[in-house]
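Visitor: got a predicted structure here, sequence first:
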Amino acid sequence: MIRRLLQVDFMKMKRKGFWFLTFLGPFGVVALQMVNYGLRKDYLLQQSEDNWGHYLGNITVFTPLALVLGIVILTSFIASVENETNAWKQLLALPVSKLSVYLSKFTVLAGLLFVSSILLAVFTLSFGIFLNLGEQIPWIELLKDSFYPFFAGLPVLALHLWIATVSTNQGIPITVGVLGTILTYSSYVLPDWVIWKWPSLNNGWNEPVINVWLGIGIGLLLYIGGMLDFARRDVK
């Protein structure tokens with residue numbers, strides 16, 4: 001049943017811009033560095049003896065913001081697709097449970113964001129090689145910088161999906177999304193318990209993996225809370 005729901009959700013995404021946004025996020029992050037290094041490559045290469053490390057550091061500055069923006073837009077889109085066609089009632093009239101419907105939506109969004117993380121790794125690596133930053137590619141750091149923000153951002157995804165699916169007024173999730181984007185941009189001044197800080201991988205322990213485990217754990221709790229709330233509500 002889940003497989004069928006996933007197929008239906010992916011069919012609904014056609015010509016809706018989901019895949020374009022999935023590509024645009026990671027490409028935009030690396031494109032900023034294309035401009036940055038294109039204008040002042042020599043200066044940037046003089047800033048550190050670790051060219052790869054400095055380059056990855058510049059990438060990670062923009063990754064959390066792009067991730068949260070992507071979450072806000074994608075969750076809003078996936079809810080609006082159902083709202084515009086009044087498809088919630090039609091979908092839930094089928095012999096499927098609300099829990100399965102919600103799981104399908106979350107899986108689709110998480111899958112798109114994971115694909116974005118893969119693309120971010122590929123684009124980051126490709127441009128780094130193009131810049132000739134050195135033969136010693138820091139594979140572990142490259143993968144961490146590409147995938148850790150995704151796992152740390154799962155609570156943000158779960159929360160926004162929850163709000164988008166249960167809100168009759170789509171202005172509410174958009175407002176929350178704007179506030180979340182502002183919080184992400186200001187993450188360096190936020191306390192460690194704020195979920196919008198976690199994709200930045202910064203914390204008082206200087207251990208990015210803590211944000212990852214917090215993201216997975218709290219993300220699961222928020223997903224369960226949203227799923228159960230969605231299941232008990234009347235169809236929009």
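Guide: Perfect, I can see it now.
Visitor: please count neighbours and contacts with C-alpha atoms only from this point.
Guide: Noted.
Visitor: quickly find the element holding the residue nearest the centre of the chain.
Guide: Note on the chain: the residue nearest the mean C-alpha position is Leu67, at 3.8 Å, using Cα atoms, centre = their mean. Here Leu67, judged by DSSP states H and E, is contained in helix 51-84.
Visitor: one step back: pLDDT score assigned to the residue nearest to the centre of the chain?
Guide: Per-residue pLDDT puts Leu67 at 95.
Visitor: ok, it - contacts?
Guide: By Cα atoms under 8 Å, 6 or more residues apart in numbering, the contact set of Leu67 is 25, 113, 149-150, 153, 199.
Visitor: redo that, cut-off 10 Å
Guide: 22, 25-26, 29, 113, 116-117, 149-150, 153, 156-157, 181, 184, 199-200 (Cα atoms under 10 Å, 6 or more residues apart in numbering).
Visitor: my guess is Phe123 contacts Pro26. True?
Guide: Yes. The pair Phe123 / Pro26 is scored as a contact, 7.4 Å apart, by Cα atoms under 10 Å.
Visitor: can you give me the neighbour number for Thr60?
Guide: 19 (other Cα atoms under 10 Å).
Visitor: what is the least confident helix or strand in this protein?
Guide: Least confident helix or strand of the chain, by mean pLDDT, DSSP states H and E, is helix 87-92 with a mean of 61.
Visitor: any idea which helix or strand comes after that helix?
Guide: The helix or strand immediately downstream of helix 87-92 is helix 98-130, counting by DSSP H and E.
Visitor: sorry, back to before: go through the helix holding Leu67 and flag the buried ones.
Guide: Buried positions in helix 51-84, judged by neighbour count with 16 or more other Cα atoms under 10 Å: 51-53, 55-56, 58-60, 62-83.
Visitor: again, but for stretch 201-219
Guide: Of the residues in stretch 201-219, 201-203, 208-212, 214-219 count as buried by neighbour count, 16+ other Cα under 10 Å.
Visitor: put together CSV for those, with secondary structure, pLDDT and distance to Thr175 on each row.
Guide: Formatted as CSV, those follow (DSSP: H, G, I helix; E, B strand; the rest coil; pLDDT from 0 to 100; distance: Cα to Cα, whole Å):
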residue, secondary structure, pLDDT, distance to Thr175
Leu201, coil, 93, 24
Asn202, coil, 92, 25
Asn203, coil, 90, 26
Pro208, helix, 93, 29
Val209, helix, 95, 30
Ile210, helix, 95, 29
Asn211, helix, 95, 25
Val212, helix, 96, 26
Leu214, helix, 96, 25
Gly215, helix, 96, 22
Ile216, helix, 97, 25
Gly217, helix, 97, 25
Ile218, helix, 96, 22
Gly219, helix, 96, 21
